[in-house]
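Q: quick one: sequence plus predicted model below, questions after.
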Amino acid sequence: MGSYLTAFLVGGAICLVAQLLFDLTPLTPAHVLVIFVVAGGVLGGLGLYDPLIKFAGAGATLPISSFGNALVKGAMAEAARSGPIGILTGTFELTSSGITASIIFGFFFALLFNPKG
Amino acid sequence: MATKKGKQTIVFAVKPVIIGYSTVAGPKEGQGPVGPYFDKIYPDLAMGQKSFEKAERQMMLNAIDTALEKASLSRSNIDYFVAGDLLNQIISSGFSALELGAPFLGIYGACSSFCEGLIFAGVLVDSGAAQAVITATSSHNNTAERQYRYPIEYGAQLPPWSQHTVTGAAATAVAVRGLGPRLELATVGKVMDLGIKDPLNMGAAMAPAAADTIFTHMEDTGRNPGDYDLIVTGDLGKIGREIVVELAQRQGFDLSGNYRDCGELIYSKEQLENAGGSGCACSALVTLGMLFNQNYKRILVVATGALHSPTSYQQGENIPAIAHAISIEF
């Protein structure tokens, strides 16, 4: 039960920050999205995001900030294995399944249905 | 022959007559307070077409044909077709003109296109250059949203000051003589920019332009707001209308009694999306639908338009706005 509560509180708090950014600043949805990815990346780089995931579970992994964290973690892990070039080769290591899935499903659904934009 | 009075006002000599007019609308507008007045209400936004752009065109052509029918005219009687809409390169108007096969003058005044078209029609008819001019304007929620704001599927959150683009089209047939409401005076607005940058806050961006055109109209003609049964602005919504009332107060005009905004009138309180309706069709549907069917003697219609483009606001430019006023007698 405790994990449900922490997930709810932490995930809700992250979304609250995003909602305040929408309501109180002239930022567009795209700006807010990028801010959260970058913030997740910075926290991940400083080693602060993983403890948050451990504490809040899905409350921390579902928001888009988790994607930024995964990008940085992949780059850092690969850099540790194969040197600086790993920053480039490792960035999408942890997130490749999600990105590849969106490209593949997008491709096949575009074949099946006529995209109108 | 029309003459100029004061700084920006045209006085029509023959008082051109709107011998036929028509309004067609989408489902949401059809359920609103103006709904009972529309000639046609489409049950859905696709309107049986393959794209929303085609649907918008379908509405415009339908409005034109109905206006022609009411004026006992046919497509071949049109001397000139004057039309404008919100889509890039005014495609709704241009493609409708192709279908009509009439000489076409495309105009762009964003949501002020309704009054701008009537001004051109009035001057063409008054000068003797035309016997019958058709004007038309249209807007469609889905085509405008995706061009000016976000992709529809994106489901972006809208702030409380945002407005809902009206789905609908309207057309008028303007002639030298006949029965119907008459164009008396027109005040051509100047473009104003008071530094608003948010494309979702168009009411505030357009309010100073509307106020300026109303003041200039009163100054040029020596009239007071009380000389009109009703003064309406096009699509300022709640917030923009309040700004106009305040600006008028500072200039010594009292607009608290007989001034309304079409953006507020088009939807009921329960339907009201944030600050109200907007779009080319907003002022046209409310004026031709609702206001033409009341017992007014004389009204002043002030259609308002925001003259930005997605490119200009992405490059950080302000939103310039314009308003044109027409005095209509019944």
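A: Done, it's in. Residues are numbered from 1 along each chain as shown, chains lettered A, B, ... in the order given.

Q: now residue B:19, what's its secondary structure?
A: strand (DSSP: H, G, I helix; E, B strand; the rest coil).

Q: so what's it up against?
A: The contact partners of residue B:19, by CB atoms under 8 Å, 6 or more residues apart in numbering or on different chains, come to B:70-71, B:132, B:173-175, B:178-180. C-beta coordinates here come from the backbone N, C-alpha and C atoms, glycine included.

Q: quick one: pLDDT of the spatially most central residue of chain A?
A: Chain A has residue A:67 as the residue nearest its centroid, 1.7 Å off, counting by CA atoms, centre = their mean. For residue A:67, the model assigns a pLDDT of 96.

Q: gap between it and residue B:71?
A: As judged by CB to CB, to the nearest Å, residue A:67 and residue B:71 stand 60 Å apart.

Q: neighbours of the closest residue to residue B:200 other than its chain neighbours, how many?
A: Distances taken as CB to CB, 6 or more residues apart in numbering or on different chains put residue B:162 closest to residue B:200, at 4.2 Å, once the chain neighbours are dropped. Using other CB atoms under 10 Å in any protein chain shown, residue B:162 has 22 other residues around it.

Q: where does chain B have its least confident helix or strand?
A: helix B:310-314 (a mean of 89; mean pLDDT, DSSP states H and E).

Q: among the contacts of residue B:19, name the buried ones.
A: B:70-71, B:132, B:173-175, B:178, B:180 (16 or more other CB atoms under 10 Å in any protein chain shown).

Q: now, those that are in strands?
A: With DSSP state E as the criterion, strands contain B:132, B:173-175 from among those.

Q: circling back to that earlier point, buried ones in the least confident helix or strand of chain B, by neighbour count?
A: Neighbour-count burial for helix B:310-314 [16+ other CB under 10 Å]: residue B:313.

Q: any idea which element the residue nearest to residue A:93 when sequence neighbours are not counted lies in?
A: Leaving out its chain neighbours, the residue that sits closest to residue A:93 by CB to CB, 6+ apart is residue A:74, at 3.8 Å. Per DSSP states H and E: residue A:74 is located in helix A:65-82.

Q: export the first helix or strand past that helix going along the chain as CSV, just CAs?
A: Once helix A:65-82 ends, the next helix or strand along the chain (criterion: DSSP H and E) is helix A:85-90. In CSV, the C-alpha atoms belonging to helix A:85-90 read as follows (Å, rounded to 0.1, in the frame of the first residue of the first chain):
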residue,chain,number,x,y,z
ILE,A,85,32.5,7.2,-28.0
GLY,A,86,30.1,5.4,-25.8
ILE,A,87,28.3,8.7,-25.1
LEU,A,88,27.1,8.5,-28.7
THR,A,89,26.5,4.8,-29.1
GLY,A,90,25.0,4.3,-25.6
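
Q: contacting residues around whichever helix or strand comes after helix A:85-90?
A: Sequence order places helix A:96-112 as the next helix or strand after helix A:85-90, per DSSP H and E. Helix A:96-112 has contacts (CB under 8 Å, 6+ apart) with A:67, A:92.

Q: so who does the residue of the stretch 151-300 of chain B found nearest chain A touch?
A: Using CB to the nearest CB, the closest approach of the stretch 151-300 of chain B to chain A is made by residue B:156 at 5.0 Å. Contacts here follow CB under 8 Å, 6+ apart; on that basis residue B:156 touches A:28-29, B:149-150.

Q: where does the chain have low pLDDT?
A: Here I'm looking at chain A. The model of chain A has pLDDT under 70 over residues A:1, A:116-117.

Q: that was the other one, I meant chain B.
A: Using pLDDT under 70, chain B drops low at B:273.

Q: where do the helices sit along it?
A: B:27-30, B:52-70, B:91-100, B:113-126, B:141-148, B:202-221, B:237-250, B:262-265, B:280-285, B:310-314 (DSSP state H).

Q: got TSV for the ones in strands among the buried ones among the contacts of residue B:19, with distance to residue B:13 too?
A: Formatted as TSV, these follow (distance: CB to CB, whole Å):
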residue	distance to residue B:13
B:132	18
B:173	20
B:174	14
B:175	15
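
Q: would a markdown table of those residues with distance to chain A be doable?
A: What follows is those, written out as a markdown table (distance: CB to the nearest CB, whole Å):
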| residue | distance to chain A |
| --- | --- |
| B:132 | 37 |
| B:173 | 34 |
| B:174 | 36 |
| B:175 | 40 |
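
Q: out of those, who's nearest residue B:300?
A: residue B:174 (17.8 Å; CB to CB).

Q: list the contacts of that closest one.
A: Per CB under 8 Å, 6+ apart, neighbours of residue B:174: B:16-19, B:118, B:121-122, B:125, B:132-135, B:183.

Q: and if we set it to 7 Å?
A: B:16, B:18, B:121-122, B:125, B:133, B:135 (CB atoms under 7 Å, 6 or more residues apart in numbering or on different chains).

Q: which ones among these also lie next to chain A?
A: Checked against chain A using CB under 7 Å from any CB of the partner chain, the contacts of residue B:174 give no members in range.

Q: looking at those residues, spot the one nearest chain A.
A: Among the contacts of residue B:174, residue B:135 lies closest to chain A (CB to the nearest CB), at 30.1 Å.

Q: that closest one and residue B:239: what is the separation?
A: On the measure of CB to CB, residue B:135 and residue B:239 end up 29 Å apart.

Q: interface residues of the stretch 51-200 of chain B facing chain A?
A: For the stretch 51-200 of chain B, the residues in contact with chain A (CB under 7 Å from any CB) are B:51, B:156-157, B:198.

Q: can you rerun that using 8 Å?
A: Taking CB under 8 Å from any CB of the partner chain as the measure of proximity, the stretch 51-200 of chain B contacts chain A at B:51, B:146, B:150-151, B:154, B:156-157, B:159, B:197-198.

Q: any chance of TSV for the residues you listed, columns distance to residue B:92?
A: Listed next are these as TSV, based on distance: CB to CB, whole Å:
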residue	distance to residue B:92
B:51	12
B:146	14
B:150	21
B:151	20
B:154	23
B:156	24
B:157	28
B:159	28
B:197	27
B:198	26
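
Q: pull the most distant pair out of those.
A: Distance extremes for those: the farthest pair is B:51 and B:197 at 30.7 Å, using CB to CB.

Q: biggest helix in chain A by residues?
A: Ranked by number of residues, the top helix in chain A under DSSP H is helix A:2-24.

Q: contacts for that helix next, please.
A: A:27, A:29, A:31-32, A:35-36, A:52, A:55-60, A:62-63, A:65, B:157, B:159.

Q: hmm, which of the residues you listed are the buried ones?
A: The buried subset of these - by 16+ other CB under 10 Å - is A:32, A:35-36, A:52, A:56-60, A:63, A:65.

Q: from the residues you listed, which is closest to residue B:217?
A: Of all those, the one with the least separation from residue B:217 (CB to CB) is residue A:32, at 42.9 Å.

Q: many thanks, we can stop here.
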